[in-house]
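Student: give me the fold of what follows.
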Amino acid sequence: MKQVYTQAQLDAALGSWLGLDTQLIADGTYFVVESAGGGEPVLVGCGGWSKRKTPYGSDDRPGREDTLLDPPRDAAKIRAFFVHPEWARRGIGRMLLEASENAARASGFTHFELGATLSGIPLYERCGYIRCERVDLPLAVGGVLPIVKMVKQG
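Tutor: Here you go, the predicted structure:
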């Protein structure tokens with residue numbers, strides 16, 4: 001993300017806006033991709049979806065809301081996608097996104113929404129997501145981390 005955010009923005013956002021929400025793991029809606037190379041497996045990407053109202057952010061995100069969504073009415077939240085820079089542009093993000101959408105569909109969701117980092121927008125647009133609005137997430141040290149709310153019909 002260093003090509004679209006400053007190091008200060010990234011440092012300030014880690015642990016609040018950027019990071020893992022362990023509720024995704026507890027709900028069984030988070031996926032990881034490991035390398036298939038020799039030796040110990042290496043985590044090269046992760047991401048998932050949520051059936052809860054919190055749209056993005058880690059465990060320490062301000063304003064968390066873990067209320068369950070209503071699948072016929074609400075959009076599943078696509079969440080917490082990270083791909084190691086050395087593994088970027090190899091289809092890992094797309095594979096995680098497809099697995100997340102398929103699992104959400106299997107749980108009754110018919111549409112999706114996400115808060116895309118600026119570096120993630122091209123992937124999501126290629127996968128059928130449409131930009132809705134820019135959201136400026138406030139940083140504790142001042143300034144903001146801009147993201148873009150995006151949606152997709154089932």
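Student: you'd agree I78 is in a strand?
Tutor: Yes. According to DSSP: H, G, I helix; E, B strand; the rest coil, I78 belongs to a strand.
Student: who's it bridged to?
Tutor: When assigned by DSSP bridges, I78 has beta-bridge partners W49, L114.
Student: so who does it touch?
Tutor: 47-49, 97, 100-101, 112-114 (CB atoms under 8 Å, 6 or more residues apart in numbering). For the C-beta atoms, the positions are set from N, CA and C on the backbone; glycine is no exception.
Student: ok, so of those residues, who is nearest V83?
Tutor: G47 (8.1 Å; CB to CB).
Student: that closest one contacts S100, doesn't it?
Tutor: Yes. When contacts are counted by CB atoms under 8 Å, G47 is listed as touching S100 (6.3 Å).
Student: tell me which other helices or strands the helix ranked longest in the chain touches.
Tutor: Longest helix in the chain, counting residues (DSSP state H): helix 92-106. Where contact means 3 or more CB pairs under 8 Å, 6 or more residues apart in numbering; DSSP states H and E, helix 92-106 is packed against strand 30-34, strand 43-50, strand 76-83, helix 121-126.
Student: that older thread, need the overlap of contacts for G47 and S100.
Tutor: 31, 78.
Student: how many other residues sit next to the closest residue to Q153 other than its chain neighbours?
Tutor: Spatial nearest neighbour of Q153, chain neighbours left out: H111 (5.0 Å); criterion: CB to CB, 6 or more residues apart in numbering. For H111, the count of nearby residues is 16 (other CB atoms under 10 Å).
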